[in-house]
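Student: build me a model from this:
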Amino acid sequence: MDFSLFYFGNDSTAADSGNRYDLVLEGARFADTHDFTAVWTPERHFHAFGGLYPNPAVTGAAVAAVTSRVAIRAGSVVAPLHHPLRIAEEWSVVDNISGGRVGLAFASGWHATDFALRPESYENRREVVLDSVRTVRELWRGEEMEVLDGAGAPQRVRSFPRPVQPELPVWITSAGGVETFRAAGALGAGILTHLLGQDIDDLAGKITAYREAYAARPDADGTSGHVVVMAHTYLDADEDAARALVRDPLTAYLRTSVNLLLGSQAHGSARRVDPAKLRDKDLDFLAARAFDRYYEDGALLGTVPKAARVVERLRGLGVDEIACLIDFGLPAKVVLDGLHTLDELRRISA
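Tutor: Residues are numbered from 1 along each chain as shown. This next block holds a predicted model:
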């Protein structure tokens, strides 16, 4: 089982550090020297939840500058918000700075408000993201793209600089929909998912669907794809101490997550739950219930033996990598000190 670090911090929880990105950079240095596989940073807009990360190419370049081995990945590029040429250009720069260590998880977008950057892409966002994957891969290989210039004339262009890697490692980000798992498999991409809102047992069937689609590709090469699961992570020698330490920050984190998730469902989902109509005590109740369930069964929280059981369960489902989300509100020093215990889990789970 591979282990990586994943960042999705709330902007308001970063104030305990003199530099809001110290945790990212120091954690990346640790990952680089302790055989972690990758460092992931996401793309988020217009909300404190994840608000430290509006552009993973920028944070990825910073990580590249302070590391030498660990892979540098976008925990999402919201492809419908960007022109494929721009994605290829930005990430080729990071690939060059890092000596060929980048990888991208493409996402269709989470919240309608995000599409203030490109509202015309919202309606067909799920189709756009799959087309973007194909186009960015072609540009990465050096192929031309047909565009219209400022005068309305057709042109054929290539992206520069040329990347170091001849092929771009690609994942598709999924909140749990099985069709996204199948689409990722059909593209020959990896899948990046999480356990917020989906049960571990349900994940097994989705991974099976992904593997089947991956193997059924006309250009299948005998490999089986790559499944990454993001999990909130904090480990301690004492179970009670760990639970007490993470309860308040993780509950607050989940409360914000529930609020945004329900808001995204209100834009086009059959459930159409408007978070503005929920009382604070309702959101508090949902977050508290989510914490209890998630702490016990959906994250790497508590002691190493407890987390090791979760790792083995995920391994049994066919998960290849756990992306450990570490910046959910604990003080930066506590998180960084805890990385040594996480490394113990990584070593015994290898």
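Student: how about the contacts made by Ser349?
Tutor: Listed by C-beta atoms under 8 Å, 6 or more residues apart in numbering, the contact set of Ser349 reads Met1, Phe3, Ala308, Val311, Glu312, Arg315. Any C-beta I mention is one placed from the backbone N, CA and C, and that applies to glycine too.
Student: check the third one and give its pLDDT.
Tutor: Meaning Ala308. Per-residue pLDDT puts Ala308 at 97.
Student: just give the number of residues close to it.
Tutor: Using other C-beta atoms under 10 Å as the criterion, Ala308 is surrounded by 16 other residues.
Student: from Thr341, how far off is Pro331?
Tutor: Using C-beta to C-beta, to the nearest Å, Pro331 is found at 16 Å from Thr341.
Student: so which of these two has more stuff around it?
Tutor: Thr341 (18 against 14).
Student: that one contacts Asp236, doesn't it?
Tutor: Yes: in terms of C-beta atoms under 8 Å, Thr341 counts as a neighbour of Asp236; the distance is 6.7 Å.
Student: which residues in the stretch 201-350 of the chain form helices?
Tutor: In the stretch 201-350 of the chain, the segments counted as helices under DSSP state H, counting those that start in this stretch are 239-265, 280-297, 304-317, 332-349.
Student: okay, buried residues for the second one please.
Tutor: Buried residues in helix 280-297, counted by 16 or more other C-beta atoms under 10 Å: Leu283, Leu286, Ala287, Ala290, Phe291, Tyr294, Tyr295.
Student: average pLDDT for that helix?
Tutor: For helix 280-297, the per-residue pLDDT averages 78.
Student: residues making contact with it?
Tutor: Counting by C-beta under 8 Å, 6+ apart, 195-196, 200, 232, 243, 246-247, 250-252, 254-255, 258-259, 275, 301-302, 310 sit against helix 280-297.
Student: and with 10 Å instead?
Tutor: With C-beta atoms under 10 Å, 6 or more residues apart in numbering as the test, helix 280-297 has contacts from 195-197, 199-201, 231-232, 242-243, 246-248, 250-259, 261-262, 275, 278-279, 298-299, 301-302, 306, 310, 313.
Student: next, the angle from it to helix 304-317.
Tutor: Inter-element angle recorded for helix 280-297 and helix 304-317: 80 degrees (by axes from the mean of the first three to the mean of the last three C-alpha atoms, to 10 degrees).
Student: still on that earlier bit, which of the contacts of Ser349 are buried?
Tutor: By neighbour count, with 16+ other C-beta under 10 Å, the contacts of Ser349 hold Phe3, Ala308, Val311 as buried.
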